[in-house]
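S.K.: Kindly return the folded structure for what I paste below:
(chains A and B)
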Amino acid sequence: MIAAAPGLMTFITVFVLAGFVGYEVVSKVPSILHTPLMSGSNAIHGIILVGTMLVLGQAHGPAQMTLGFLAVVLATLNVVGGFVVTDRMLHMFKAKPTDRKRAADAESTDGPSGSGSSAGSGSGSGTPS
Amino acid sequence: MSRATATDLVYLVAIVGFILALKGLSSPKHARLGNLVGAGGMLVAVAWTFSLPAVYSHTRNLVLIILAVAIGAVIAIPAARLVKMTAMPQMVAIFNGVGGGAAALVSVTEFISVPGKSLAIYKICEILFGVLVGSVSLAGSSIAFAKLQEIMTGRPITYPAQQPINAAIGLAIVALLIVTVVTASTTVLVIVLVLSLVLGAIFVLPIGGADTPVLISLLNAFTGLAVAASGFTLDSTLLIVAGTLVGASGTLLTRMMSQAMGRSLPNILFSAFGSVVTASGEGPDAEGRSVRSGTAEDIGVLLAYARKVAIVPGYGLAVAQAQHTARELADALAARGVEVYYAIHPVAGRMPGHMNVLLAEANVPYDQLEEMDDANQDMATTDVALVVGANDTVNPAAKNTPGSPIYGMPIINADQATNIVFLKRSMRPGFAGIDNELLYDPKTTMLFGDAKDSLSKLVAAVKAA
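M.R.: Model prediction:
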């Protein structure tokens, strides 16, 4: 079977290697970037647009034309929507000073827990005040 | 240089762009640049494709292609630009679904364009894989969209004999796949397509709303694989590589997400989450217990005289578009010398990282955001935990009730703060559909109402205090 398809082995090789690259390239992602990464890779598989264009370009007859046309519309939605949504998400992560406040925290939490609560005058919580 | 070589080179540039995009998206510094590089690679690949004879040789087909791209862009741009930040997850779901649909259609069209028996067996297998996975992704993503958009209930949907029925449909598909390979019959392929859509839907129905983000990530990886299958069908290295990149990175991302929720992937997919009955049926009846609700003035005073306040935001804050008002409250408190920080659960909102995006939109300073582990260390010394529209992410049942569907999920330990204030619309349980013990805790005060209104009242009360 494989002898009948000279290109097939090359494609399978490419497929396997791409799998490893995909796995390695995102090995460490902070949780705040999970959503943008999902959305960004969602846009990348919109590359199916290239495939749909080739198929519709060679389509004959109403059935193929209709299916191909629908495929191009859907793929365009995937590409355009995917990149625009991702860009909007990432727009929110403008460069900001990210000084970690852990050190500052360690010193400010001097008193025993809850001792400073001023809840007494408020809603009268169950805390001894 | 021949045109074919040039095409390969251009597509290689696009591939490098996609790899750099994924790399960039994995670090906060280069994320935006990464996305732009990916978009650039896409633009180059698509623009070059228009120069190929296969695309422009039939004028009528070329016109159709341009028309279809225009229609897609005209729908997608406003949809993606205008959608509220809170509705982002379902947009990602639906954009992913249509990609899967496109991949399935490519495979089907390729199948019917070649007369009957002349397709090699491995070609038929590639086509079937594309149809199967693409359709599952399309149907699954559509159901996920409907759940997140609240067109249908976010709770797990179960029906009698669910497992046997699903297994039967799965087996039927396998049998039909074999029949298609042997007969190369278009009719059978169409049946496979329809059954794959059904399979995608029933695969997603029993998965609870809170798990939907992990599910979308998984379906995203599926679409990547469907695109890779289309690449095999069309002999396109570009599609194989791009699809596989997404398939592999998406699988890894799915695992990282389920780890962030403290659950294994099989558990999310097949536990039908919602033996909800067993979870809510235990313990004392909710009706029999009292909750304490306070006035905005009382709570305002409590906050104003605290030393350290944790704001624990959840999806309720997002739907009420209250992130700006939350920042006003934090500013008012900070002006009085109260130390304020935001305790961010990794899956607060509807997706991992969703809440960071929303708060960043409201210009909340980065250094006030604390991730869950940091926040939990500070919680014991916190005077007031102000829970705004969150519920499941602070539910102690995740630690204390082994039978609970969310048992094992890491939570924000709001219960360790000296006082807890819940801003909630009602006593209704959260997205996961389970009762929250913390609401009945004697340390807890409720302030019922829309999160934005409640926060505005609190801002006024803090300023008056």
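
S.K.: And the helices in chain A?
M.R.: A:6-25, A:34-44, A:48-57, A:61-76, A:82-91, A:102-108 (DSSP state H).

S.K.: hmm, who's touching the helix or strand where residue B:4 lies?
M.R.: Taking DSSP states H and E as the criterion, residue B:4 maps to helix B:3-25. When contacts are defined by Cβ atoms under 8 Å, 6 or more residues apart in numbering or on different chains, helix B:3-25 is touched by residues A:21-22, A:25-26, A:29, A:33, A:36-37, A:40-41, A:44, A:47, A:86, B:30-31, B:33-35, B:37-38, B:40-42, B:44-45, B:48, B:52, B:237-238, B:241-242, B:245, B:249. (Each C-beta comes from the backbone N, C-alpha and C, glycine too.)

S.K.: Can I get the buried ones among those as something I can paste into PyMOL?
M.R.: To isolate the buried members of the contacts of helix B:3-25 in PyMOL, using 16 or more other Cβ atoms under 10 Å in any protein chain shown:
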select buried, (chain A and resi 21+22+25+26+29+33+36+37+40+41+44+47+86) or (chain B and resi 31+34+35+37+38+40+41+42+45+48+52+237+238+241+242+245+249)
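
S.K.: In contact with the residue nearest to residue B:393 when sequence neighbours are not counted, which residues?
M.R.: Distance criterion Cβ to Cβ, 6 or more residues apart in numbering or on different chains; nearest residue to residue B:393, sequence neighbours excluded, is residue B:345 at 3.9 Å. Contacts for residue B:345 (Cβ under 8 Å, 6+ apart) come out as B:312, B:314, B:355, B:372, B:390, B:393-394, B:410-412.

S.K.: can we see that at 7 Å?
M.R.: By Cβ atoms under 7 Å, 6 or more residues apart in numbering or on different chains, the contact set of residue B:345 is B:372, B:393, B:412.

S.K.: what comes into contact with the helix or strand harbouring residue B:172?
M.R.: Per DSSP H and E: residue B:172 is located in helix B:162-183. With Cβ under 7 Å, 6+ apart as the test, helix B:162-183 has contacts from B:121, B:124-125, B:128, B:132, B:188-189, B:191-192, B:195-196, B:198-199, B:202, B:206.

S.K.: distance between that helix and the chain's centre?
M.R.: 29 Å (Cα atoms, centre = their mean, to the nearest Å).

S.K.: Give me the buried positions along it.
M.R.: Buried-residue list, helix B:162-183, by 16+ other Cβ under 10 Å: B:166, B:169, B:173, B:176-177, B:180-181.

S.K.: Now do that helix, average pLDDT.
M.R.: For helix B:162-183, mean pLDDT is 90.

S.K.: mind giving me the domain split of chain B?
M.R.: Split into domains by automatic domain parsing, chain B comes to B:90-274, B:288-464.

S.K.: Comparing those domains by mean pLDDT, which bottoms out?
M.R.: Looking at the domains of chain B, the weakest mean confidence is domain B:288-464, a mean of 85.

S.K.: what about the helices in the stretch 201-350 of chain B?
M.R.: B:212-234, B:237-260, B:265-270, B:276-281, B:296-304, B:315-319, B:323-335 (DSSP state H, counting those that start in this stretch).

S.K.: Low-confidence bits of chain A, can you list those?
M.R.: For chain A, the stretches with pLDDT under 70 are A:1-6, A:93-129.

S.K.: wait, what's in contact with the residue in it that chain B sits nearest to?
M.R.: Nearest residue of chain A to chain B, counting by Cβ to the nearest Cβ: residue A:76, 2.5 Å away. Counting by Cβ under 7 Å, 6+ apart, residue A:76 touches A:49, B:68-69, B:72-73, B:76.

S.K.: can you list these in JSON lines and add secondary structure and distance to residue B:304?
M.R.: Compiled in JSON lines, these are given as follows (DSSP: H, G, I helix; E, B strand; the rest coil; distance: Cβ to Cβ, whole Å):
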{"residue": "A:49", "secondary structure": "helix", "distance to residue B:304": "56"}
{"residue": "B:68", "secondary structure": "helix", "distance to residue B:304": "59"}
{"residue": "B:69", "secondary structure": "helix", "distance to residue B:304": "57"}
{"residue": "B:72", "secondary structure": "helix", "distance to residue B:304": "53"}
{"residue": "B:73", "secondary structure": "helix", "distance to residue B:304": "51"}
{"residue": "B:76", "secondary structure": "helix", "distance to residue B:304": "47"}
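
S.K.: Quick one: the residues you listed as TSV, columns for distance to residue B:320 and neighbour count too.
M.R.: Shown next, in TSV, are those (distance: Cβ to Cβ, whole Å; neighbours: other Cβ atoms under 10 Å in any protein chain shown):
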residue	distance to residue B:320	neighbour count
A:49	37	30
B:68	39	23
B:69	38	21
B:72	33	25
B:73	33	17
B:76	28	25
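
S.K.: List just the nearest of the residues you listed to residue B:151.
M.R.: Set against residue B:151, the nearest of the contacts of residue A:76 by Cβ to Cβ is residue B:76 (20.1 Å).

S.K.: Now do the same contact list for that closest one.
M.R.: Going by Cβ under 7 Å, 6+ apart, the list of residues near residue B:76 reads A:76-77, A:80-81, A:84.

S.K.: can you pick the most crowded of those residues?
M.R.: When the contacts of residue B:76 are compared by neighbour count (other Cβ atoms under 10 Å in any protein chain shown), residue A:81 ends up highest, at 30 neighbours.

S.K.: just checking, residue B:393 touches residue B:411?
M.R.: Yes - if you go by Cβ atoms under 7 Å, residue B:393 and residue B:411 touch, sitting 5.8 Å apart.
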